[in-house]
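Colleague: pasting a predicted model and its sequence here:
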Amino acid sequence: MTKPTPQDAAPRGRTQLAVLHRLAAALLGSYAFTWGFTALGVAALVALGVEFHEAETAMLLLAFLVFLGLFLWAFAATQLSRVWAVLGGGALCMTAAALGWQQFLLS
């Protein structure tokens, strides 16, 4: 068994920063994505004729599983840039779509 050399190990500060960055992506990105998903789902269910509070309850129950899956995926993914792109882009698109759909339903 060979002894690891200093070149093999990443600097301690760099490793801690990478973990904090991934943790921020997992928490903030997953929360934003789940928020957009829930808003879009509630708007879609209301448009289909489901009562608002039933749609809200159903989507919030589903949101727990979505958040958990995204949180775990953020740590399992190899590229952090892809995590931010999927979570951030998905959050922006779904939130914008939900806002537009809600405005359409209310008019």
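Modeller: Received it, and whenever you're ready, just let me know what you need. Just so it is clear, the model here is predicted, and its values are computed rather than measured. Numbering: from 1, shown residues only.

Colleague: leaving aside the residues next to it on the chain, what's closest to the residue nearest to the spatial centre of the chain?
Modeller: Against the mean C-alpha coordinate of the chain, by C-alpha atoms, centre = their mean, the closest residue is S30 at 2.3 Å. Spatial nearest neighbour of S30, excluding adjacent residues (C-beta to C-beta, 6 or more residues apart in numbering): L70 at 4.0 Å. All C-beta spots, glycine's among them, are computed from the backbone N, C-alpha and C.

Colleague: and the helix or strand that contains L99, what other elements does it pack with?
Modeller: Per DSSP states H and E: L99 is located in helix 80-106. Judged by 3 or more C-beta pairs under 8 Å, 6 or more residues apart in numbering; DSSP states H and E, helix 80-106 is in contact with helix 12-24, helix 30-47, helix 52-76.

Colleague: neighbouring contacts of the longest one?
Modeller: Residues from elsewhere that reach helix 52-76 (C-beta atoms under 8 Å, 6 or more residues apart in numbering): 22, 25-27, 29-31, 33-34, 37-38, 41-42, 45-46, 50, 83, 87.

Colleague: now those residues: which count as buried?
Modeller: Neighbour-count burial (16 or more other C-beta atoms under 10 Å) applied to the contacts of helix 52-76 gives 22, 25-26, 29-31, 33-34, 37-38, 41-42, 45-46, 83, 87.

Colleague: which helices and strands sit right next to the helix or strand bottoming out on mean pLDDT in the chain?
Modeller: Within the chain, confidence by mean pLDDT, DSSP states H and E is lowest for helix 12-24 among all helices and strands, at a mean of 84. With contacts taken as 3+ C-beta pairs under 8 Å, 6+ apart, helix 12-24 sits against helix 80-106.

Colleague: and the helix it packs on, average pLDDT?
Modeller: Average pLDDT, helix 80-106: 93.

Colleague: how big is the angle separating it from helix 30-47?
Modeller: Angle, helix 80-106 to helix 30-47, by axes from the mean of the first three to the mean of the last three C-alpha atoms, to 10 degrees: 30 degrees.

Colleague: what comes up buried for helix 80-106?
Modeller: Result for helix 80-106 [16+ other C-beta under 10 Å]: buried residues 83-84, 86-87, 90-91, 94-95, 98, 101-102.
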